[in-house]
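*Asks:* 3D model of this:
(chains A, B, C and D)
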Protein chains: 4
Amino acid sequence: MTTLIGVIGSSVVENAVTADTACETGREIVRRGYTLICGGLGGVMEAACRGAFEEAGEGSGRIIGVLPGRDRGDANRYVDIVIPTGMGYARNSIIAASADAVVAIGGGSGTLSEIAYAWQYGKIIVAVSSLPGISATLIGRRLDARRDDTVRGARDAREALALIASQLPPRRSKN
Amino acid sequence: MTTLIGVIGSSVVENAVTADTACETGREIVRRGYTLICGGLGGVMEAACRGAFEEAGEGSGRIIGVLPGRDRGDANRYVDIVIPTGMGYARNSIIAASADAVVAIGGGSGTLSEIAYAWQYGKIIVAVSSLPGISATLIGRRLDARRDDTVRGARDAREALALIASQLPPRRSKN
Amino acid sequence: MTTLIGVIGSSVVENAVTADTACETGREIVRRGYTLICGGLGGVMEAACRGAFEEAGEGSGRIIGVLPGRDRGDANRYVDIVIPTGMGYARNSIIAASADAVVAIGGGSGTLSEIAYAWQYGKIIVAVSSLPGISATLIGRRLDARRDDTVRGARDAREALALIASQLPPRRSKN
Amino acid sequence: MTTLIGVIGSSVVENAVTADTACETGREIVRRGYTLICGGLGGVMEAACRGAFEEAGEGSGRIIGVLPGRDRGDANRYVDIVIPTGMGYARNSIIAASADAVVAIGGGSGTLSEIAYAWQYGKIIVAVSSLPGISATLIGRRLDARRDDTVRGARDAREALALIASQLPPRRSKN
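*Replies:* Got it, this is the predicted structure:
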């Protein structure tokens, strides 16, 4: 059973640093032996998939895109496994439920819903500080009483993945 | 076609003022000719349903509970129409999509996901200020660039509904 | 808590008898004190809603349409409570989970998925015999070993509702 | 983008031939360069995953289990990519929407809902004849007027995959 790391962020990239961070996050996920799961569309999602693709290559089985619509053609070109849910934004819940940890990169209300779900589902949440968007504003916040920890912060992709790796082994065998 | 007002908040009531506010919000929704839609469970949801029930009475068809589970017995006793989705927290998306406006009363990560969805779906969002919990911290915030407005604030139930009523007629006839 | 009766069938009416049966089913549901839940679109759904509307009138809170899309405007004009799920055909599961019993009127693959869900969820299933479409072909069938009964058959709307009423009281009070 | 083949059937295996057929179907899917997607639980799903696992090995990224619940531990031990949706049986819609073709092996009402969805979504449907359960009874049936073809039949796993391969190349490159 592979360990899934979610990357969440806007389908419109706010600026070049955000895109670079997303790309590097995708790279780091694959380098560390994890599998990337995201919303499969453009912007931060595409940049993360591109980074993962450059590391993992064609047909890796390590880049998953969970689409809101039913059309596989909506996926960005770097996604290897397309899950076209047809469930609209309710698919945000699926990404949070599937990921063992999520990296939040910039983002707006969609990203906010995914952070909220990840919190409810008990997942590690790391937001990249110093980027515009909603996720950095939540760093250090304890969203409610069901957990004792907070949304964590990291300066860049490398630090985000190091933080995750310190709590989550790359692969979990079952039993 | 009836106009639906969502009430979102925690299944555990933070304090007596929160419960009173939720109850009064339910009352105001019915008084103004709207229909209440919520998550159908306890806490803020139950208090809102109780207020609506006291105003609308048994069998009104005006108190809807959209449950995460499949067991109708999970609904609080004031819900008239139980929708047991069996879809877990993905039902949060349904409440936001169905409501014409939402009133956020305290709350934590679940409430946050519903506010995020309501924003994505273009719904009027009013949070009650002066209550503990996550929703009041978002008053005045513009969550992302897809909308020009902000999460609105209201001091109490009456003001929240007055704000909604100024933008939303109680019933919409369909041509 | 009101008792919900689902009406399932095609969004394109196969013939006039099918439409009349759907309309009469909607009427009977309201006459017996039940609430109608359906997919909220055209065809069999609209005919059933029309029948219920003629019996219940405007603003009854007794005609629920659970839409696949997010646009309330997709609902037929007789729906009172619109639930625009935005979840596509996954909404079929919600209708089956919410209804205490379903009446299947003609139909194709969509109706088939709803009958399958209603079976899984342990709901009473009555198909109207003598109408074209897939549901009548399942009368007398035990879909799998999880239940001991079968899909029931009824000659018309009146018989379908009489069959349901013999097993399901119009309203259930909750303790 | 990898081509996904769905295997649908009961979580309780009806008999040894059914299990063998499911296992061989999983093997064939991997041999032909496809990726397996299924419900991730026991019975037919586990047998199919086992066959795929024996062919693809550990960490292949080619065995996907889309669970109804939120607990990754519900997945059978051969699943590589676990998608714990938390959406209950509504996950049946996701499997049908994601797969390019489905192989139905025995089964009951759950399988029936997936065949119905696969039909609605325009997917190739092949049922294995000569096995007990609901899927073989649909061979040759045109479920409704939206398609001109029928549910196809195959005598065994090899024939089922040959039929699919004649219509679906193992991998689709995206332009």
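*Asks:* hmm, stretch A:152-171 touching chain B?
*Replies:* No - when contact is scored as C-beta under 8 Å from any C-beta of the partner chain, no part of stretch A:152-171 falls within range of chain B; the minimum is 15.3 Å. (Glycine included, C-beta is placed from N, CA and C.)
*Asks:* all helices for chain A, in order.
*Replies:* Read by DSSP state H, chain A holds these helices, from start to end of the chain: A:16-31, A:44-56, A:91-98, A:109-120, A:157-165.
*Asks:* of those helices, which is nearest chain C?
*Replies:* Ranking the helices of chain A by their distance to chain C (criterion: C-beta to the nearest C-beta) puts helix A:91-98 first, at 9.3 Å.
*Asks:* what's the closest one in contact with?
*Replies:* Here helix A:91-98 makes contact (C-beta atoms under 8 Å, 6 or more residues apart in numbering or on different chains) with A:4, A:6, A:8, A:37-39, A:66-68, A:83, A:85, A:87, A:102, A:110, A:113-114, A:117-118, A:120-121, A:123, B:88-90, B:92-93, D:70, D:82-87, D:94.
*Asks:* could you rerun that using 6 Å?
*Replies:* A:4, A:6, A:37, A:66, A:68, A:85, A:113-114, A:117-118, A:121, B:89-90, D:70, D:83-86 (C-beta atoms under 6 Å, 6 or more residues apart in numbering or on different chains).
*Asks:* tell me the phi and psi of the residue of chain A found nearest chain D?
*Replies:* Taking C-beta to the nearest C-beta as the measure, the point where chain A comes nearest chain D is A:Gly61, at 1.6 Å. Recorded main-chain torsions at A:Gly61 are phi 70, psi 20, according to degrees, to the nearest 10.
*Asks:* surely it meets D:Glu58?
*Replies:* No - counting by C-beta atoms under 6 Å, A:Gly61 sits too far from D:Glu58 to count as a contact (12.0 Å).
*Asks:* looking at those two, which has the bigger crowd around it?
*Replies:* A:Gly61 (21 against 11; other C-beta atoms under 10 Å in any protein chain shown).
*Asks:* show me the contacts for the more buried one.
*Replies:* With contact taken as C-beta under 6 Å, 6+ apart, A:Gly61 is in contact with A:80, D:61-62.
*Asks:* pLDDT added to these, as JSON lines?
*Replies:* Putting those into JSON lines (pLDDT from 0 to 100) gives the following:
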{"residue": "A:Asp80", "pLDDT": "98"}
{"residue": "D:Gly61", "pLDDT": "97"}
{"residue": "D:Arg62", "pLDDT": "97"}
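*Asks:* nearest to chain C among the residues you listed?
*Replies:* Scanning the contacts of A:Gly61 for proximity to chain C, where the rule is C-beta to the nearest C-beta, the winner is A:Asp80, at 23.6 Å.
*Asks:* around chain D, which positions in chain A sit nearby?
*Replies:* When proximity is defined as C-beta under 6 Å from any C-beta of the partner chain, chain A approaches chain D at A:1-2, A:61-62, A:70, A:77, A:80-86, A:94, A:97-98, A:174.
*Asks:* change it to 7 Å
*Replies:* Residues of chain A lying close to chain D by C-beta under 7 Å from any C-beta of the partner chain are A:1-2, A:35, A:59-62, A:64, A:70, A:72, A:75, A:77, A:79-86, A:93-94, A:97-98, A:121, A:174.
*Asks:* if we can go back for a sec, mean pLDDT for the helices of chain A - can I get that in JSON lines?
*Replies:* Below are these laid out as JSON lines (pLDDT from 0 to 100):
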{"stretch": "helix A:16-31", "mean pLDDT": "97"}
{"stretch": "helix A:44-56", "mean pLDDT": "98"}
{"stretch": "helix A:91-98", "mean pLDDT": "98"}
{"stretch": "helix A:109-120", "mean pLDDT": "98"}
{"stretch": "helix A:157-165", "mean pLDDT": "98"}
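*Asks:* just to revisit the earlier point, can you say which of the residues of chain A next to chain D are buried?
*Replies:* Buried subset of these (neighbour count, 16 or more other C-beta atoms under 10 Å in any protein chain shown): A:1-2, A:35, A:60-62, A:64, A:70, A:72, A:75, A:79-86, A:93-94, A:97-98, A:121.
*Asks:* which of the residues you listed fall within strands?
*Replies:* With DSSP state E as the criterion, strands contain A:35, A:64, A:81-84 from among those.
*Asks:* what is the nearest of the residues you listed to chain B?
*Replies:* Within these, the smallest distance to chain B is 14.5 Å, found for A:Ile83 (C-beta to the nearest C-beta).
*Asks:* now do that closest one against B:Gly43, distance only.
*Replies:* Taking C-beta to C-beta, to the nearest Å as the measure, A:Ile83 falls 34 Å from B:Gly43.
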